[in-house]
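Chemist: Sharing a model prediction with you, sequence too.
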Amino acid sequence: MRDCFELRDTDAGGRIGELRVPRADVTVETPALLPVINPNLQTISPRRLADEFGAEMLITNSYIIHNTDSLRERALEEGLHDMLDFPGAIMTDSGSFQLSEYGEITVTTEEILEFQYEIGSDVGTPVDIPTPPDVSRERAASELETTKERLEVAEGVDVGDMLVNAPVQGSTYPDLREDAARHADATVLDVFPVGAVVPLMNDYRYADMVDVVAAAKRGLGADAPVHLFGAGHPMMFALAVAMGCDLFDSAAYALYARDDRYLTVRGTRHLDDLDYLPCSCPVCTAHDPDDLRSIPDEDREEALAAHNLHVTFEEIRRIKQAIRAGNLLELVEQRARAHPAMLDGYRALLDHAEQLERTDPVSKGSFFYTSHESARRPEVIRHHERLARLEVPDAVFLTEGDPSSAGEYDDSWRVEPPFGPFPRALSKSYPLTAEVPDRTDRAALEAAARGVARLVEANPDSEFTLGHRGWPEGVLEALPDGVETIDLTRDR
């Protein structure tokens, strides 16, 4: 089908989009959370997910339904929407999770796709091979070939207007992930889940998760909606969205509630460890921790699941607003301070800044420099690339100080860490209007020095002098030969 996804807004790799789901006759705004519904156990009813929490789409397991006689008969007779009482779109998994857990399943791709169509699924899934992290390259490559073959089989199954997932596998080998994504993108299938990343997230390997997603994104087209399979904790949504993920599915809200665990965007707390409830959702405004601990187990589980959903959907809305406002990376940076592994993930994200720059808008509302990681953002890379295209006079004074000190030079350009030099006529242009602390850190100065070097190397026939405010020797040593430097703090 492949015309089902349309982009509305972008920021870094994140985007607000519209996923058209023709069989359900709905359009789902992304980024979107798909709560996981266990057909045998519903902590929060699907109808309540739609009415109270605003869920536009959910996911359930067609393999469980297929292999449970009573559920199979109901689903075939009533249809999935009536059986679950859900008015939005429904995605179904195929049994690949059971395959990864138990080693074998009893259906083929053709059989499970046909079954998903028969029960009224809106987005179906073939039986791929979810290769876990860190296996041998030989195993990852072999299982990927099987997944590719099954995607090709899926292309030939008549499923009407049901969308079909094309999972991207490849373990922790970036080249295999990219190859898998290119193959999936070349099919007629519709949605592209990045699979087998749950073990990475369970082990807090967010940097490895980012590398896996970045590799998949390199192989996919801009119109490919990306689903991060099994990503259910609100702490990491902003990071994954910034990398380019559009859909998430979460059973965490219910699984954690069953264990008395309370979700926040800064991590998970056990109910026994809470003296206060740091949230303003309906559950938390109606109870204190002692209240929750005292109510019957089933009621407490439902209350905690509702809180977990409120927090999770709130974070999705916050991310959308950050994309719209152009400050998604600043939100990611805030979330990165919640846990060292999240900080690793953010730093890994910035390792792919050149990739993010291709989709990052050239103009936004503001750029806030809030940590040394800000010096590696896509906007800084873009400015450095553009320096090579600027027309430069014969002699230029580059200065953090007063332009009147240019003296005998042809022109005075401003220097602003972390961007470096630029003509003063661009001072009101994004991102050169950045808010940067007066106590500039070394990373910002080093980035500015790289900008100076980029300008000098692109204009070997021009003469440059840098007037700086006490840049350390280690930073100045990175400048090209022939750049005269003046310490403005000493020459006042």
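Modeler: Great, that's in hand.
Chemist: Pull out the buried positions in stretch 61-73.
Modeler: 61-66, 71-72 (16 or more other CB atoms under 10 Å). Glycine gets a C-beta too; all of them are placed from N, C-alpha and C.
Chemist: swap that for stretch 179-189, sorry
Modeler: Within stretch 179-189, the residues scored as buried using 16+ other CB under 10 Å are 179-181, 183-185, 187, 189.
Chemist: Just the ones of these in helices?
Modeler: Those of the buried residues of stretch 179-189 mapping onto helices are 179-181, 183-185, per DSSP state H.
Chemist: What is the nearest of those to Gln334?
Modeler: Nearest to Gln334 among those, counting by CB to CB, is Ala181 at 29.6 Å.
Chemist: For the closest one, which non-adjacent residue is spatially closest?
Modeler: Once flanking residues are discounted, Ala181 sits nearest to Gly219: 2.8 Å by CB to CB, 6 or more residues apart in numbering.
Chemist: next one: Thr10
Modeler: Sequence neighbours aside, Thr359 is the residue nearest to Thr10 in space, at 5.3 Å (criterion: CB to CB, 6+ apart).
Chemist: And the pLDDT for that neighbour?
Modeler: Thr359 is assigned 93 on the pLDDT scale.
Chemist: residue contacts, it?
Modeler: Taking CB atoms under 8 Å, 6 or more residues apart in numbering as the criterion, Thr359 is in contact with 10, 12-13, 15, 222, 244.
Chemist: Pro35 contacts Ala252, doesn't it?
Modeler: No. When contacts are counted by CB atoms under 8 Å, Pro35 is not listed as touching Ala252 (9.6 Å).
Chemist: out of those two, which sits in the busier spot?
Modeler: Counted by other CB atoms under 10 Å, Pro35 and Ala252 do not tie: Pro35 has more neighbours, with 28 against 23.
Chemist: tell me which element that one is part of?
Modeler: Using DSSP states H and E, Pro35 maps to strand 32-37.
Chemist: quick one: contacts of that strand?
Modeler: 19, 44, 46, 49, 53, 55-60, 84, 91, 232, 246-251, 253-254, 309, 312-313, 316.
Chemist: Let's see that with 7 Å instead.
Modeler: Around strand 32-37, the neighbours that count as contacts under CB atoms under 7 Å, 6 or more residues apart in numbering are 46, 49, 55-60, 84, 91, 247-251, 253, 309, 312-313, 316.
Chemist: buried stuff in the helix or strand following it?
Modeler: Under the assignment DSSP H and E, the closest C-terminal helix or strand after strand 32-37 is helix 46-51. Neighbour-count burial for helix 46-51, counted by 16+ other CB under 10 Å, picks out 46, 48-50.
Chemist: From those residues, pick the one nearest Thr172.
Modeler: Lowest distance from Thr172 to the buried residues of helix 46-51 (CB to CB) belongs to Leu49, with 33.2 Å.
Chemist: and the closest residue in space to that closest one that isn't next to it in sequence, what is it in contact with?
Modeler: Nearest residue to Leu49, sequence neighbours excluded (CB to CB, 6+ apart): Ala55, at 4.1 Å. Listed by CB under 7 Å, 6+ apart, the contact set of Ala55 reads 35, 49, 88.
Chemist: repeat that with 8 Å
Modeler: Ala55 touches 33-35, 46, 49, 88, 313, counting by CB under 8 Å, 6+ apart.
Chemist: Could you report the pLDDT at Ser405?
Modeler: pLDDT, Ser405: 59.
Chemist: looking at the protein, which residue ends up farthest from its center?
Modeler: Going by CA atoms, centre = their mean, the residue of the chain most distant from its centre is Glu408, 50.2 Å out.
Chemist: how much space between the closest residue to it other than its chain neighbours and Trp413?
Modeler: Distances taken as CB to CB, 6+ apart put Ala395 closest to Glu408, at 7.5 Å, once the chain neighbours are dropped. According to CB to CB, to the nearest Å, Ala395 and Trp413 sit 11 Å apart.
Chemist: now swap in Asp175 and tell me
Modeler: 42 Å.
Chemist: between those two, who's got more neighbours?
Modeler: Neighbours were counted for Asp175 and for Trp413 using other CB under 10 Å; Trp413 has more, 25 against 13.
Chemist: How is that one assigned, secondary-structure-wise?
Modeler: strand (DSSP: H, G, I helix; E, B strand; the rest coil).
Chemist: Surely it touches Val396?
Modeler: Yes. Using CB under 8 Å, Trp413 is in contact with Val396, at 5.6 Å.
Chemist: Identify the contacts common to those two.
Modeler: Pro421.
Chemist: Name the helix or strand of the chain that has the lowest mean pLDDT.
Modeler: When the helices and strands of the chain are scored by mean pLDDT, DSSP states H and E, helix 96-102 comes last with a mean of 59.
Chemist: moving C-terminal of it, what's the next helix or strand?
Modeler: Proceeding N to C from helix 96-102, the next assigned helix or strand is helix 109-118, under DSSP H and E.
Chemist: Output that following helix in PDB with nothing but the alpha carbons.
Modeler: C-alpha atoms of helix 109-118 as PDB (Å, rounded to 0.1, in the frame of the first residue of the first chain):
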ATOM      1  CA  THR A 109       3.300 -16.800   7.800                       C
ATOM      2  CA  GLU A 110       0.500 -17.500   5.300                       C
ATOM      3  CA  GLU A 111      -1.700 -19.100   7.900                       C
ATOM      4  CA  ILE A 112      -1.300 -16.400  10.500                       C
ATOM      5  CA  LEU A 113      -1.700 -13.500   8.100                       C
ATOM      6  CA  GLU A 114      -4.900 -15.100   6.700                       C
ATOM      7  CA  PHE A 115      -6.100 -15.600  10.200                       C
ATOM      8  CA  GLN A 116      -5.400 -12.000  11.200                       C
ATOM      9  CA  TYR A 117      -7.300 -10.900   8.100                       C
ATOM     10  CA  GLU A 118     -10.300 -13.200   9.000                       C
END
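Chemist: counting contacts, what elements does the helix or strand just after that helix pack onto?
Modeler: Downstream of helix 109-118, the first helix or strand assigned by DSSP H and E is strand 123-124. For strand 123-124, the packing partners by 3 or more CB pairs under 8 Å, 6 or more residues apart in numbering; DSSP states H and E come out as strand 89-93, helix 109-118, strand 163-164.
Chemist: And the contacts of the first one?
Modeler: Outside of strand 89-93, the residues within contact range by CB under 8 Å, 6+ apart are 21, 23-24, 26, 28, 34, 56-63, 65, 80-81, 84, 116, 119-125, 165, 249.
Chemist: Over to the second one?
Modeler: In this structure, residues lying in contact with helix 109-118 by CB under 8 Å, 6+ apart are 62-63, 66, 76, 92, 94-95, 107, 124-127, 150, 153-154, 157-160, 162, 164.
Chemist: Report the separation between Val159 and Asp297.
Modeler: Remark: distance between Val159 and Asp297 (CB to CB) = 41 Å.
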